[in-house]
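> Dropping a prediction and its sequence here:
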Amino acid sequence: IYEVFFLAKYISKERFDLIHVSGGVWQVKGIIVAKILRIPVVWHINDTFMPKIIRLLFKWFSSLPDAYVFASSKSKDYYGRYINANIPSYIIPATVDTSKFDPHTKIENKEKLKISKKKLTVGTVANISPVKGIDKIIEVANYFKDNDDIEFIIIGQVPKTQSKYFNRLSKRIKTYNLKNIHFKNFKEDIRPFLRIIDIYLCTSYAESSPISIWEAMSMEKAIISNNVGDVPKYIQNNHNGILINKNETNEIINGLKFLIKNKEKRKSYGIKARETCKKNLETRIFADHQLQVFEKLVINKR
């Protein structure tokens, strides 16, 4: 209640024309404030998995926004049953600035990532949680543990709520006696990491519009990803990456074997992945689209 009061006071003072609520379906405070102050409000939905109690909460408030923006068609499908069809909705994916995430631009490695250039490196960027499927990466690393020429690097933070899960993962790594898998803390600039790795692996069980994959694609990396969210819209199997059905461990292993043996395919997939980003996921394109949505809502409310 205090936060709603504080937000209402601040927004009223600043006289905003529109409120954009981002962060997910649990972010109801901004929606409430917007309706109290009679300011147009857009609810930005960017996930495809929530506990039932949160979905019920969303259903309760779902009729309040003036418009919805979904980060993917999967997000729209997931929450569409709760939303009044008369409320405008738009799909605007997470995007990537391909001029910033450019493998041909000089990038200073300020944090001095200690990754061997003599080994083939499979990398992923993900906060440590069960939904990211880190357990799958451990199983795959276990399969390759006798291969001294391949290593797995996971960059991400361990939220306080996931410390027990991280400890379980660490115990499994110790039980398997794995020396080829490493966790590294989240880096402010992920580009040096993406430049060094050879293959980007996504084992998430649920995604919407995963920007970590788009950034890896923009950096011309060959992608192996579970078939989640809107990834299949931009990764075409055996064209600019490899899609895995139901996170099957054997499929991941076979995909890695193929790319390990075929350096030219890794290069070809990476080049085509960047071309896909520039054509379909470029920030400049969707920034204009987002602005058009905002302007339309403000004009209609005047």
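Nice, thanks for sending it over. Numbering: from 1, shown residues only.
> so where do the strands sit in the stretch 201-302 of the chain?
For the stretch 201-302 of the chain, the strands defined by DSSP state E, counting those that start in this stretch cover 222-226, 242-244.
> Next, the contact list for residue 48, please.
With contacts defined as C-beta atoms under 8 Å, 6 or more residues apart in numbering, residue 48 is in contact with 72, 74, 75, 78, 206, 207, 208, 228, 229. (Glycine included, C-beta is placed from N, CA and C.)
> One more: residue 159?
127, 128, 129.
> tell me the contacts of the second one?
It stands for residue 128. Contacts for residue 128 (C-beta under 8 Å, 6+ apart) come out as 134, 154, 156, 157, 158, 159, 162, 165, 166, 169, 183.
> Would you mind naming the residues that bridge with the last one?
The one in question is residue 183. Bridge pairing for residue 183 (DSSP bridges) gives the partners residue 154.
> Surely it and residue 152 touch.
No - under the criterion of C-beta atoms under 8 Å, residue 183 makes no contact with residue 152, lying 9.8 Å away.
> higher neighbour count, those two?
Shown here are residue 183 and residue 152; by other C-beta atoms under 10 Å, residue 152 has more neighbours (22 against 16).
> and the helix or strand hosting residue 163, which residues are buried?
Using DSSP states H and E, residue 163 falls within helix 163-176. Using 16 or more other C-beta atoms under 10 Å as the test for burial, helix 163-176 gives 165, 169, 173.
> before we move on, what about stretch 44-64?
44, 45, 46, 47, 48, 49, 50, 55, 58, 61, 62.
> now do stretch 293-302
For stretch 293-302, a neighbour-count test (16+ other C-beta under 10 Å) marks 293, 294, 297 as buried.
> And stretch 268-276, by the same measure?
269, 270, 272, 273, 274, 276.
> what's the answer for stretch 27-42, then?
28, 30, 31, 32, 33, 34, 39, 40, 41, 42.
> Does residue 63 touch residue 86 like I think?
No - the criterion here is C-beta under 8 Å, and residue 63 misses it with residue 86 at 9.4 Å.
> Point to the residue nearest the middle of the protein.
residue 210 (2.4 Å; C-alpha atoms, centre = their mean).
> Now do the SS call for residue 20.
Recorded secondary structure, residue 20: strand (DSSP: H, G, I helix; E, B strand; the rest coil).
> so it bridges to which residues?
According to DSSP bridges, beta-bridge pairing links residue 20 with residue 42.
> tell me the contacts of it?
The contact partners of residue 20, by C-beta under 8 Å, 6+ apart, come to 41, 42, 44, 294.
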